[in-house]
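Chemist: Sequence plus the predicted model coming up.
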Amino acid sequence: MTAHQVELRLAFTPPLDPSNLFGHLAATAVPGAEEWRDGRYRAAFTLRGGAAIAEVGLPEGDALPVVLRLADPADEEAAVARVRRAFDLDLDAPAMTAALSADPALAPLVAAAPGRRAPGTLDPEAMVLRAVLGQQVSTAAARTHAARLVQAFGAPVDDPAGGLTHRFPTAATLDGDAERVAAGLGLPAVRKRTFAVVAAALASGGVDLAAPPAAVRDALLALPGVGPWTADTVLMRALGHADAFLEGDLGVAAAARALGLPDGPRALARHAERWAPHRTHAVQYLWATLPHAVNRLPEDEGAPRG
């Protein structure tokens, strides 16, 4: 799948704090489909022309160094768009910084790390399914569940430059083999049913990720077992929506409490209205106060993850 390789520098408007951006992608990387290798985040995904691999390095000046390996050269524009969204490169960082700094509770956090980005994904459909796998479990557990799916159902990928082995399976693939998928997932029965329903909805177009974010959210919430946390996680990470908020997230609540903000979901949601239209980035600043691997760059940049 090395028919076309291109090296790029994708520009962004500074500032850009890489800690939670690369840290999140590395800490949640699904073995086989994603990895952190030699100081770069690498992922395999599928575009119209077939398999693709993106390799993204830490900021150099006002750009990210990127290497794309594509089965079809015609996919280059789509691949660049995926990378820009996944790394939040089109953010108006000065506007976001100014808006969140207007709240005295967030101002010190923004001043300490201006330009925090919202980590997204190179595979939006996979991220929806991963959001279901991540319901009420640890980051490590969610990675384990996802890795099993990748190895059992993912399409193989040739990666002579690293350790990627498969792409995340499509919703259509998982829906078409639902019984074997359920048998291989170590999830409660209710969660297995939710996963199957979401995969079917994605495969049939009942959940259309090309629709406006509000329509995607409504379609997800109409599915049994999908609540606001999952739907808003999809908006943040799969769609790159800048104004989603996770008022029910335990980490967000803990961070809010430590800052003297309301920590009850309804009261916190009301307070968060002042952060619009940058609530997604407010979440990043709240999460960044917590001692979690997603908030920092991997310490050993030379060792591959997974």
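Modeler: Received, thanks.
Chemist: quick one: low-confidence parts of the chain?
Modeler: 1-2, 300-306 (pLDDT under 70).
Chemist: so where do the helices sit in it?
Modeler: According to DSSP state H, the chain carries its helices in the segments 19-27, 76-86, 93-101, 107-112, 124-133, 139-153, 171-176, 178-184, 189-204, 213-221, 228-233, 250-258, 265-272, 279-287.
Chemist: What distance do you get for residue 86 to residue 237?
Modeler: Applying CB to CB, to the nearest Å, the value for residue 86 to residue 237 is 9 Å. Every C-beta, even on glycine, is put in place using the N, C-alpha and C of the backbone.
Chemist: Could you name every residue contacting both of the two?
Modeler: 119, 120, 121 (CB atoms under 8 Å, 6 or more residues apart in numbering).
Chemist: are any of those buried, and which?
Modeler: 119, 120, 121 (16 or more other CB atoms under 10 Å).
Chemist: Among the shared contacts of residue 86 and residue 237, which one sits closest to residue 135?
Modeler: residue 121 (17.0 Å; CB to CB).
Chemist: And for that closest one, nearest residue in space, chain neighbours not counted?
Modeler: In space, and not counting its chain neighbours, residue 121 is closest to residue 127: 4.1 Å by CB to CB, 6 or more residues apart in numbering.
Chemist: For residue 266, give me its contacts.
Modeler: residue 247.
Chemist: Just the C-alpha atoms of stretch 240-250, please, in CSV.
Modeler: Output of stretch 240-250 as CSV, limited to C-alpha atoms (Å, rounded to 0.1, in the frame of the first residue of the first chain):
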residue,chain,number,x,y,z
GLY,A,240,-14.4,17.8,15.6
HIS,A,241,-17.3,19.9,17.0
ALA,A,242,-16.0,22.8,19.0
ASP,A,243,-18.9,23.3,21.3
ALA,A,244,-19.8,20.0,22.9
PHE,A,245,-19.7,19.6,26.7
LEU,A,246,-19.5,16.5,29.0
GLU,A,247,-21.2,17.8,32.1
GLY,A,248,-21.8,14.2,33.3
ASP,A,249,-18.1,13.1,32.9
LEU,A,250,-16.5,12.2,36.3
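Chemist: Would you mind listing the buried residues in it?
Modeler: Those would be 240, 241, 242, 243, 244, 245, 246, 247, 248, 249, for stretch 240-250 by 16+ other CB under 10 Å.
Chemist: ok, which pair from those residues is furthest apart?
Modeler: Top of the distance list for those (CB to CB): 240 and 248, 21.0 Å.
Chemist: measure the closest residue to residue 254 other than its chain neighbours to residue 256 for me?
Modeler: Leaving aside its sequence neighbours, residue 254 sits nearest to residue 290 (CB to CB, 6+ apart; 6.7 Å). Per CB to CB, residue 290 is found 11 Å from residue 256.
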